[in-house]
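# Requesting a structural model of the entry that follows:
(2 chains)
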Amino acid sequence: MSASALQKAILALDRATTTSELVEATQTICGLKDLEAAPTLIKVLGFNNPAVGAVATQGLIALGRDVVPILVVNLDVGNYGARAWVVRAIATLRDPRGLDLLEHALNADIAPSVRRSATRGLAEMELEGSNVSKDFSRCCEALFKAAADDEWIVRYAAAFGLEQRFGHNSTNTGLKTQAIAHLEELSSNSEAVKVVKQRAKLALQRLQAG
Amino acid sequence: MEPLSEHQVIANLRQQEDASDRYYAAWWLGKMRSQHPDAVPLLLGTLSVLSEDPVNDEDRGVALNAIRALGLLLNPAANDPLIQLLSSTDYTVREEAARSLGAMQTKEALPQMCHLLRSGPAASGGEQVGSSTLNEPCEALLEALGNIGVSSPDVLNVITPFTNHPRPLVRAAACRALLQLMKEQRWAVELEKLLQHPEPLVRRGVLLDLGATGWTAALPAIESASVEASLKLVALRGLAEQSDDTKVLDAMDRLL
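Numbering: from 1, shown residues only, chains lettered A, B, ... in the order given. All right, here's what the predicted structure looks like:
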């Protein structure tokens, strides 16, 4: 049943030419809530059409965490637009299987908005299983790196992220000391952008109160 | 490639043989907010070619970068030379000079800016013959008047007619300036209406205008605008930096 509905929807997508037709066809596919539609939605992310990409990303996120391994495998690394949407979806799903991908995006992506999304993802990822402590360190190291990014919005995201990471889970005192040092740097006059300073100060206040 | 040192960049701007090195050097000094004592004099030195006729294209490019850099360095030594450029016959030179003088909040530039706009939306704001360019760089001038921040009756009288200009981005620039100068909600309401414009380019421009005003009450409109998150973050930075309200920062956190 659902397979044939999916096939019909994919056919409609193939025939769509205008943005509104593409949006409508993508919405239909999203509405099926079918994990088998994920590769098609990932293909849609590469169309370089922001309206359609936004719909497909919401559809992928709505499929839940089961979609993360499919995203990681099907990512078209050569397509900047698609990469940006995938990073955003993985960041939103907070699934630790996306850690490698987010780490790589933060280190290597030239687009500040992608590094920003990756930083947010590394801040909010829900770590679990036997690797918790190692993964926690990796997230922290990545956030320290983000705190030294050239782009103000990535440093802003780092300040937000360090607060998230150490707000409730502060068992690792060595990393926490480093996190505080990075936040102090971001809130000092060596930081040129006022809003980054403001956010880092707020993070410090909240961490020291908690 | 090794990143250039400030010393090298200064030398590159000083030499006359390679125009592309000068072009990049003029940009770099602004981008890096150079405090080198020779930076401002050298940048000002590039402007003299603009009074030649005809102007060499490469020299003009260097000079335009220098005008932008001076707007970032905020050195009052640039006030008078930039005010003189408001009388240039070159539209882009007038436009960039207006932007930099606005960023520098140069009050001495107000009479000349008002003079350029005084003939109103139909004349100053009319289109040049055979071109879609307006007679004067109205957006840049209106934004500069708002940034400079003097709300004298003369300035307000010059700006107000442009709230009825046929182009939405010129209307937005006028509303933005009036909101900055008068702090009256009605101009924010006009901007929020323009934020619903069907054209994405207009929505983006208006969003940045709202952010620049620092009008915190615009927060919900900015958050819900149909514009990409990256630009909303830039607009919200404008609000956050002019306010102590942490709810702006909370909104930014949600958009990351």
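# May I have the phi/psi pair for residue B:127?
phi -80, psi 140 (degrees, to the nearest 10).
# Who are the contact partners of it?
Residue B:127 sits next to B:133-135 when contact means CB atoms under 8 Å, 6 or more residues apart in numbering or on different chains. Any C-beta I mention is one placed from the backbone N, CA and C, and that applies to glycine too.
# Near residue A:110, how many other residues are there?
7 (other CB atoms under 10 Å in any protein chain shown).
# go on, residue B:154?
13.
# how deep is the spatially closest residue to it that is not a sequence neighbour tucked in, by neighbour count?
Ranked by CB to CB, 6 or more residues apart in numbering or on different chains and with sequence neighbours excluded, the top spatial neighbour of residue B:154 is residue B:114, at 6.1 Å. Residue B:114: 17 surrounding residues under other CB under 10 Å.
# cool, and residue A:18?
8.
# Low-confidence stretches in the stretch 51-200 of chain B?
Along the stretch 51-200 of chain B, no part satisfies pLDDT under 70.
# try 90
Scanning the stretch 51-200 of chain B for pLDDT under 90 picks out the ranges B:53, B:129-132, B:200.
# tell me the contacts of the residue in it that chain A sits nearest to?
At 8.8 Å from chain A, residue B:200 is the closest residue in the stretch 51-200 of chain B, using CB to the nearest CB. By CB under 8 Å, 6+ apart, the contact set of residue B:200 is B:226-227.
# before we move on, which element is the residue nearest to residue B:154 in?
Residue B:114 belongs to helix B:110-117 when assigned by DSSP states H and E.
# Touching that helix from outside, list them.
Contacts to helix B:110-117, defined as CB under 8 Å, 6+ apart, come from residues B:83, B:86-87, B:94, B:98, B:101, B:124-125, B:136, B:138, B:141-142, B:144-145, B:148, B:150, B:152, B:154-155, B:158-159, B:162.
# please redo it, this time with the cut-off set to 7 Å
Residues outside helix B:110-117 that contact it (CB atoms under 7 Å, 6 or more residues apart in numbering or on different chains) are B:83, B:86, B:98, B:124, B:136, B:138, B:141, B:144-145, B:148, B:150, B:154-155, B:158.
# Can you pull up the residues of chain A that come close to chain B?
Contacts of chain A with chain B, taken as CB under 7 Å from any CB of the partner chain, map to A:50, A:113, A:116, A:120, A:153, A:157, A:160, A:194-195, A:198-199, A:202.
# For burial, what's the neighbour tally of residue B:153?
Residue B:153, neighbours per other CB under 10 Å, totals 7.
# could you pull out the helices for chain A?
Under the criterion DSSP state H, chain A contains helices at A:2-15, A:19-31, A:38-45, A:50-62, A:67-74, A:80-93, A:99-108, A:112-124, A:132-146, A:152-167, A:173-186, A:194-209.
# now those as a markdown table including mean pLDDT and mean neighbour count?
Shown next, in a markdown table, are these (pLDDT from 0 to 100; neighbours: other CB atoms under 10 Å in any protein chain shown):
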| stretch | mean pLDDT | mean neighbour count |
| --- | --- | --- |
| helix A:2-15 | 85 | 13 |
| helix A:19-31 | 93 | 18 |
| helix A:38-45 | 92 | 22 |
| helix A:50-62 | 92 | 20 |
| helix A:67-74 | 91 | 18 |
| helix A:80-93 | 91 | 23 |
| helix A:99-108 | 93 | 18 |
| helix A:112-124 | 95 | 26 |
| helix A:132-146 | 94 | 18 |
| helix A:152-167 | 95 | 25 |
| helix A:173-186 | 93 | 17 |
| helix A:194-209 | 94 | 19 |
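# coming back round to it: list the helices and strands the next helix or strand after the helix holding residue B:114 packs on?
Per DSSP H and E, the first helix or strand lying C-terminal to helix B:110-117 is helix B:120-123. Where contact means 3 or more CB pairs under 7 Å, 6 or more residues apart in numbering or on different chains; DSSP states H and E, helix B:120-123 is not packed against any helix or strand.
# By neighbour count, which bits of helix B:120-123 are buried? Give me those.
residue B:121 (16 or more other CB atoms under 10 Å in any protein chain shown).
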